[in-house]
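K.L.:
Return a 3D structure for these sequence lines:
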Amino acid sequence: MPDQASNPLAFLRERECSIFVGPRPGKKSVRGLSELDLTHCCTLLSRREQVESVRRLCETIGCQWIWLPIEGGKLEVLRQIDLAGLMRVLAREIGDEPRPRVYFHCSAGIHRTGFFVYAMLRMRGLDRDRAREELSRLRAVTAQQVGEDRLDLADEMLADAALV
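P.N.:
Predicted coordinates for the structure are as follows:
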């Protein structure tokens, strides 16, 4: 297994990992999320955004909840996060799951989610164009509305941390 200290998500390259992207799940989402047979749900919301309801929903559908707190999707907020640290938490929480099936979301599933999933795709070895294509395949509205500035910031932060 690759060294998770140097690239915390390198291990995902060697196993089948299904990624799903969308908005904050609610009561109406239970059936659809249950049908995805998720192993994990990754919440990219701040504490003030009532994350406990998402945790309870994850218990209902039988998947592990991962909370990576991000205070919002504005560039000045995203610049302040420890992207590499959040990726390490994600890798640790997914652990040895042989075929992780992970739903990523923030509030609308656009800015924070697009930024984070794009960064994760880049860390998994996709070049910039392929990562954009994959993000579009996962959820077109996220790819269309995430903003070039957030994708550029993700690339900059990953390069600074030597993660791509």
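K.L.:
mind listing the helices for this structure?
P.N.:
30-35, 51-61, 75-78, 83-94, 111-123, 128-138, 140-145, 148-160 (DSSP state H).
K.L.:
Put together TSV for those, with mean neighbour count, mean pLDDT and distance to Gly22 on each row.
P.N.:
Bear in mind the C-beta positions are built from the backbone N, C-alpha and C, glycine included. As requested, the helices of the chain are exported to TSV (neighbours: other Cβ atoms under 10 Å; pLDDT from 0 to 100; distance: least, Cβ to Cβ, whole Å):
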stretch	mean neighbour count	mean pLDDT	distance to Gly22
helix 30-35	13	95	9
helix 51-61	15	96	12
helix 75-78	14	97	20
helix 83-94	18	90	17
helix 111-123	26	95	8
helix 128-138	16	97	9
helix 140-145	16	98	8
helix 148-160	16	96	17
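K.L.:
how close does Glu59 sit to Arg48?
P.N.:
21 Å (Cβ to Cβ, to the nearest Å).
K.L.:
now Asp82: how far from Ala161?
P.N.:
9 Å.
K.L.:
And the two? Which one has more around it.
P.N.:
Ala161 (15 against 11; other Cβ atoms under 10 Å).
K.L.:
surely Leu38 meets Arg101?
P.N.:
Yes - applying Cβ atoms under 8 Å as the test, Leu38 and Arg101 come out as touching, 4.9 Å apart.
K.L.:
can you list residues touching both of these two?
P.N.:
Common contacts of Leu38 and Arg101, defined by Cβ atoms under 8 Å, 6 or more residues apart in numbering, comprise Phe20.
K.L.:
hang on, the earlier thing: quick one, which of the helices of the chain gets closest to His105.
P.N.:
helix 111-123 (5.8 Å; Cβ to Cβ).
K.L.:
Does Phe116 touch Ile66 like I think?
P.N.:
No - taking Cβ under 8 Å as the definition, Phe116 is not a contact partner of Ile66, at 11.5 Å.
K.L.:
quick revisit: wait, which of the helices of the chain is closest to Cys17?
P.N.:
helix 83-94 (8.2 Å).
K.L.:
hey, C-alpha coordinates of the closest one in CSV?
P.N.:
Coordinates of each C-alpha in helix 83-94 appear next as CSV, following Å, rounded to 0.1, in the frame of the first residue of the first chain:
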residue,chain,number,x,y,z
LEU,A,83,-6.7,21.0,2.6
ALA,A,84,-4.0,18.4,3.1
GLY,A,85,-5.1,17.9,6.7
LEU,A,86,-8.7,17.4,5.6
MET,A,87,-7.6,14.9,3.0
ARG,A,88,-5.7,13.0,5.7
VAL,A,89,-8.8,12.9,7.9
LEU,A,90,-10.8,11.6,4.9
ALA,A,91,-8.2,8.9,4.2
ARG,A,92,-8.1,7.9,7.9
GLU,A,93,-11.9,7.7,8.1
ILE,A,94,-12.3,5.6,5.0
